[in-house]
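[1] Give me the fold of what follows.
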Amino acid sequence: MRWLFLSPEFPPNYHLFAWHLKEMGGVSVGIGATPFHLLPPAVQQSLTLYRIVEDLHDTEAVLVAARELAHAVGGLDGVDSFNEYWLPLEAEVRQALDIPGPRPQDLPAFQQKSLMKAYFQKAGLQPIPGQVSHSFADVEAFVERYGYPIIAKPDKGVGAGGAIRIGDPTELKRFQQTFRPGYLLEKFITGTIQTFDGLVDWEGRIVFCASLEYSRGVAEVVTKDEDIFYFVHREIPPDLSTAGQAIVAAYALRARFFHFEFIREAGGQLYPLEVNMRPPGFPTLDLFNFAHDSDLYQGWAQLIQTGAAPPFPPAKYYTCYISRKRHIGYAHTHEEVLRRLGHALLYHAETIPLFRAAMGDEHYIIRTPSYEEMLELALFTQKRLLL
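    Numbers count the residues shown, from 1 in each chain. Okay, here's the model as predicted:
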């Protein structure tokens, strides 16, 4: 297969998709804004051909480069960035070069939270009550109907970015000052964020699946500048698995990764929040690999190249991403944390600055077969210094 990778050097682990496809006899070509000689050596070695454009936002320049690459290798069978930001560019390239996969007209259902609700209903699930507001009167009417608190968030956007919680009349008046038409309004529900993630084959069958759980919401982490930890479950809750499979079927996905987010209330009720038709963000694929002792990069490449993915073993470990932020006073030093994590620590690293707000200044990746040990180690690492 001949595959085009957009911005192949970012995130830094995603060149492994191109690497494995090339190793299996496929053709991996790339388009990016970084000169080839400045790409990391591993990225250079992952690509058969590469074209530089001054700016990936220049769609016409990208299309010219894509046509050149297609001509050089005898056509293209697919295009991916595995990145939410470039999904529209992927779709434009597919349409212009008649490549199979999602086209521009397919993206609203992938990216607009209001339209996702129809697919949740098609899947037999109960979405959170919500509507798009076209005027501030819509906001007032929504509060009148559902009461406080509510949440207002961009209809198109990733996760909780830009979300505003409105809990009383004072906050409603404050929101009025910045209101713009197009906010999605939803009844505010508190609970635990859980996900259903995976990969489907060319026939739409799920060949790999996993589930994450977060210590707190990403919106809270960003707005309050908090830290976060999240982990891979060893066993996916049955109702979450059933709901996730139903959404995959409703969207009729083919040969794609997916990342579905849910919220579980304290009483156990599960609500779908949003879909993302790409892998979860860096470095979560690595957490899945560590939990399952597998290689999703290689597995994706085998699926693309041969038509069949390898068998993925069940999760043997809880793997956990634990962040820390420099402005927070912690009870334990970095050296003390390293000693305490001990055998469970896979690695420690500085976080890419772009991800700092949500993912911390630094992070520790651990794995253990024990949920209790995983949780104790995460809480030890993030324990606050009490004065």
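[2] So what's the residue count around the spatially closest residue to F355 that is not a sequence neighbour?
    If the residues on either side of it in the chain are set aside, F355 comes closest to F282, at 7.0 Å by CB to CB, 6 or more residues apart in numbering. Quick note: C-beta positions are derived from backbone N, CA and C, even for glycine. Other residues near F282 number 19, with proximity taken as other CB atoms under 10 Å.
[3] In three-state terms, how would the nearest residue to E213 once chain neighbours are set aside be classified?
    Closest residue to E213 in three dimensions, ignoring its sequence neighbours and counting by CB to CB, 6+ apart: Q194, at 5.1 Å. Following DSSP: H, G, I helix; E, B strand; the rest coil, the label given to Q194 is strand.
[4] quick one: pLDDT of Q194?
    Turning to Q194, the model gives it a pLDDT of 97.
[5] can you pull the contacts of it?
    For Q194, the contact set (CB atoms under 8 Å, 6 or more residues apart in numbering) comprises 211-214, 237, 240, 261-264, 270.
[6] F208 reaches A309, doesn't it?
    Yes. In this structure, F208 sits in contact with A309. The criterion is CB atoms under 8 Å, and the distance is 7.1 Å.
[7] Overlap of the contact sets of those two?
    Common neighbours of F208 and A309 are listed as 199, 299 (criterion: CB under 8 Å, 6+ apart).
[8] residue contacts, the residue nearest the centre of the chain?
    Geometric centre of the chain, nearest residue: P280, 2.7 Å, by CA atoms, centre = their mean. Taking CB under 8 Å, 6+ apart as the contact definition, P280 lies against 195, 197, 212, 259.
[9] Any idea what the second one is bridged to?
    Residues found in beta-bridge contact with D197 (criterion: DSSP bridges) are A210, H259.
[10] Could you count how many residues lie near F110?
    Every residue meeting other CB under 10 Å relative to F110 is counted, giving 22.
[11] A349 should be in a strand, yeah?
    Yes. Secondary structure of A349, determined by three-state DSSP: located in a strand.
[12] the domain parsing of the protein - what is it?
    If the domains of the chain are taken from automatic domain parsing, they occupy 2-105, 129-187, 192-382, with pieces of a single domain joined by a plus sign.
[13] now those as JSON lines including distance to A123?
    Conversion of those to JSON lines gives the following (distance: least, CB to CB, whole Å):
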{"stretch": "domain 2-105", "distance to A123": "18"}
{"stretch": "domain 129-187", "distance to A123": "16"}
{"stretch": "domain 192-382", "distance to A123": "4"}
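[14] Of all those, which one is nearest L115?
    Comparing the domains of the chain by their distance to L115 (CB to CB), the top pick is domain 129-187, with 8.4 Å.
[15] Closest one to F36 out of the contacts of Q194, please.
    Minimum distance to F36 across the contacts of Q194 is 35.1 Å, recorded for L212 (CB to CB).
[16] And for the spatially closest residue to the closest one that is not a sequence neighbour, the neighbour number?
    For L212, ignoring the flanking residues on the chain, the nearest one in space by CB to CB, 6+ apart is T195 at 4.4 Å. Other residues within reach of T195 by the criterion other CB under 10 Å amount to 25.
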